[in-house]
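Undergrad: Fold the stuff below for me.
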Amino acid sequence: MARPARLLFPAALLLVGLLVAPSGARAQNATGRPRVFLDCQGGGCDRNYFRTEITWVTWVRDQNDANLHIIFTRQNTGAGGREYVLDYIGRGAFESYVSQSLYRSLPTDTQREDLDGLTLALSVGIADFATESGFRNLIRITPLASDEEGIAPRSGILSQEEANDAWNLWVFRIEANGNFDGESSRTESNLRGSLRASRVTPTWKQTYDANFNRYARRDEYDDGRDPFIYHRNDWGASWRVVYALAEHFSTGFSGNVGRNTRNNQDFWGQFNPAIEYSFFPYEEATRRSLTAFYEIGPVYRHYFETTLLGEDAETRFEQALSLELEQRQPWGQAGVELRASHYLHDIHTNNLSVNGNLSFRVIRGLDLNVGGSYSRVRDRYYLSAEDLTDEERLLRLQQQQTDYTASVRFGFSYQFGSIYNNVVNNRF
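TA: All right, here's what the predicted structure looks like:
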């Protein structure tokens with residue numbers, strides 16, 4: 001059951017009374033402190049902070065030793081903040097327990113504010129489990145400081161009706177960065193900038209991006225040859241507009257324009273109407289999702305150099321279909337994407353690709369991680385007909401013709417020893 005962040009504090013106060021007198025069959029069997037396994041990674045996941053602040057449970061390092069398994073996922077909100085989804089799954093004698101809570105951070109929150117809000121959300125969720133399962137006399141939850149009117153502050157994001165939003169839900173972000181590396185015989189510099197504007201409502205989702213990249217390189221030779229000098233100025237702009245058509249359907253369009261030196265494109269532009277079908281409800285996307293995405297539209301390209309097909313500029317139509325599956329479950333997580341695209345004038349100018357990753361818990365403490373990708377490439381007709389120089393090949397400054405691309409990655413981790421994970425020592 002979902003609990004918005006702004007309801008967490010009232011729920012916490014309610015739990016004070018509930019913790020005193022638990023009831024139910026499972027309440028008779030619970031002893032000591034609940035053992036909790038936290039399954040989280042990425043942004044917002046600071047295990048040390050949570051263990052330091054929530055001291056009334058026993059944190060364990062393996063889900064098989066836990067009474068409660070917490071799966072921690074997150075996604076972006078329209079305002080630029082984060083929505084954290086916390087799924088609580090009972091283990092062993094408490095396997096029938098299933099619950100969920102939400103916490104939404106503001107885009108202006110600091111890392112500490114994020115962590116404090118998440119700690120409160122985790123505390124309330126664990127307390128709910130402890131109450132129903134019979135763990136008693138564990139904690140005391142006290143009210144937060146009230147404001148001048150005696151009203152306790154609320155967490156979460158104001159709705160559009162609750163605030164006079166001068167920006168009408170629009171969010172903007174500007175970024176710029178650069179770097180310089182140099183030696184006596186080599187210099188390299190890179191300057192990047194980007195701008196994003198977005199607006200998200202329950203019905204519409206709009207995103208507009210623009211970027212610029214300037215790259216320069218100079219290498220000197222020991223044999224007295226003229227130095228190798230290379231520079232490029234690339235830019236791009238893209239947009240995506242999505243409308244929630246029905247419970248499982250979304251439609252919209254995307255497009256982009258830009259300049260890509262590595263791909264021999266002095267200017268290119270594309271516009272694609274698209275439609276997506278989600279086999280599961282969109283609300284379940286942080287735990288499981290299976291979507292089919294189809295797009296079709298024209299592409300215009302103007303080239304720096306004449307292409308392999310003897311073209312200096314051209315317009316072609318292409319279509320693409322993607323199937324994407326993602327799962328985040330107690331046994332681990334997995335994802336796979338299948339994508340097929342081709343140009344309408346010739347089905348043989350196509351690109352077929354598959355990307356996948358799997359993190360799987362084989363036995364207690366042993367995790368297996370595998371992933372890879374493969375693409376059969378038949379659509380790089382835009383490449384230059386001119387031979388590449390040795391420098392362009394070795395430094396990968398220009399795209400090369402190929403029949404396929406492939407990558408594989410794999411590994412494992414095995415951890416054993418004490419099952420307890422409570423102690424935090426920040427020295428050194």
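Undergrad: This structure: helices as residue ranges?
TA: Ranges of helices in the chain, per DSSP state H, are 8-20, 47-53, 111-133, 390-394.
Undergrad: Return the most buried member of those helices.
TA: Greatest average neighbour count among these goes to helix 111-133 (a mean of 20), per mean count of other CB atoms under 10 Å. Heads up, the C-betas are built off the backbone N, CA and C, glycines and all.
Undergrad: name the helices or strands packed onto that one?
TA: Taking 3 or more CB pairs under 8 Å, 6 or more residues apart in numbering; DSSP states H and E as contact, the helices and strands that helix 111-133 lies on are helix 8-20, helix 47-53, strand 68-76, strand 82-90, strand 98-105.
Undergrad: May I see the helices of the chain organised as JSON lines, with distance to residue 273 and mean pLDDT added?
TA: Shown next, in JSON lines, are the helices of the chain (distance: least, CB to CB, whole Å; pLDDT from 0 to 100):
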{"stretch": "helix 8-20", "distance to residue 273": "41", "mean pLDDT": "40"}
{"stretch": "helix 47-53", "distance to residue 273": "44", "mean pLDDT": "80"}
{"stretch": "helix 111-133", "distance to residue 273": "38", "mean pLDDT": "86"}
{"stretch": "helix 390-394", "distance to residue 273": "37", "mean pLDDT": "74"}
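Undergrad: Correct me if wrong: residue 45 contacts residue 72.
TA: Yes - with contact defined as CB atoms under 8 Å, residue 45 reaches residue 72; the gap is 6.1 Å.
Undergrad: ok, the two, which is more surrounded?
TA: residue 72 (22 against 17; other CB atoms under 10 Å).
Undergrad: List the contacts of the more buried one.
TA: By CB atoms under 8 Å, 6 or more residues apart in numbering, the residues touching residue 72 are 38, 39, 40, 44, 45, 84, 85, 86.
Undergrad: What score does it have for pLDDT?
TA: Note on residue 72: pLDDT of 87.
Undergrad: just to revisit the earlier point, quick one, which of the helices and strands packed on helix 111-133 gets closest to residue 134.
TA: In terms of CB to CB, the element of the helices and strands packed on helix 111-133 nearest to residue 134 is helix 8-20, at 10.4 Å.
Undergrad: Return the residues in contact with the most centrally placed residue in the chain.
TA: Nearest to the geometric centre of the chain sits residue 75, at 6.6 Å (CA atoms, centre = their mean). Residues in contact with residue 75 (CB under 8 Å, 6+ apart) are 82, 83, 85, 285, 286.
Undergrad: List the beta-bridge partners for it.
TA: Under DSSP bridges, the beta-bridge partners of residue 75 are residue 83.
Undergrad: if I look at it, how far off is residue 126?
TA: 22 Å (CB to CB, to the nearest Å).
Undergrad: Dump the helices and strands packed on helix 111-133 into JSON lines; add distance to residue 290 as well.
TA: Converted to JSON lines, those look like this (distance: least, CB to CB, whole Å):
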{"stretch": "helix 8-20", "distance to residue 290": "31"}
{"stretch": "helix 47-53", "distance to residue 290": "30"}
{"stretch": "strand 68-76", "distance to residue 290": "16"}
{"stretch": "strand 82-90", "distance to residue 290": "18"}
{"stretch": "strand 98-105", "distance to residue 290": "20"}
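Undergrad: Figure out which of those is closest to residue 271.
TA: When those are compared (using CB to CB), the closest one is strand 68-76, at 25.0 Å.
Undergrad: Tell me the bridge partners for the closest residue to residue 269 other than its chain neighbours.
TA: Counting by CB to CB, 6 or more residues apart in numbering, residue 269 lies nearest to residue 257, which is 4.3 Å off, once chain neighbours are set aside. Counting by DSSP bridges, residue 257 forms beta bridges with residue 237, residue 269.
Undergrad: Return the distance of residue 257 relative to residue 343.
TA: As judged by CB to CB, residue 257 and residue 343 stand 19 Å apart.
Undergrad: quick one: residue 336 and residue 325, what's the gap?
TA: Residue 336 is 5 Å from residue 325, by CB to CB.
Undergrad: Ok, residue 81 next?
TA: 27 Å.
Undergrad: cool, residue 231 as well?
TA: 42 Å.
Undergrad: for the residue nearest to residue 269, what are its contacts?
TA: Counting by CB under 8 Å, 6+ apart, residue 257 has contacts 236, 237, 238, 267, 268, 269, 270.
Undergrad: so which of those residues comes closest to residue 370?
TA: residue 238 (32.0 Å).
Undergrad: what's the neighbour count on the nearest residue to the closest one once chain neighbours are set aside?
TA: Spatial nearest neighbour of residue 238, chain neighbours left out: residue 256 (3.8 Å); criterion: CB to CB, 6+ apart. By the criterion of other CB under 10 Å, residue 256 has 16 neighbours.
Undergrad: Surely residue 256 touches residue 236?
TA: Yes - assessed by CB under 8 Å, residue 256 is found in contact with residue 236 at 6.3 Å.
Undergrad: Ranking helices and strands of the protein by mean pLDDT, which lands last?
TA: Least confident helix or strand of the chain, by mean pLDDT, DSSP states H and E, is helix 8-20 with a mean of 40.
Undergrad: Tell me how many other residues crowd residue 378.
TA: Around residue 378 there are 17 residues (other CB under 10 Å).
Undergrad: For it, list the residues it contacts.
TA: So residue 378 contacts 348, 349, 350, 351, 403 (CB under 8 Å, 6+ apart).
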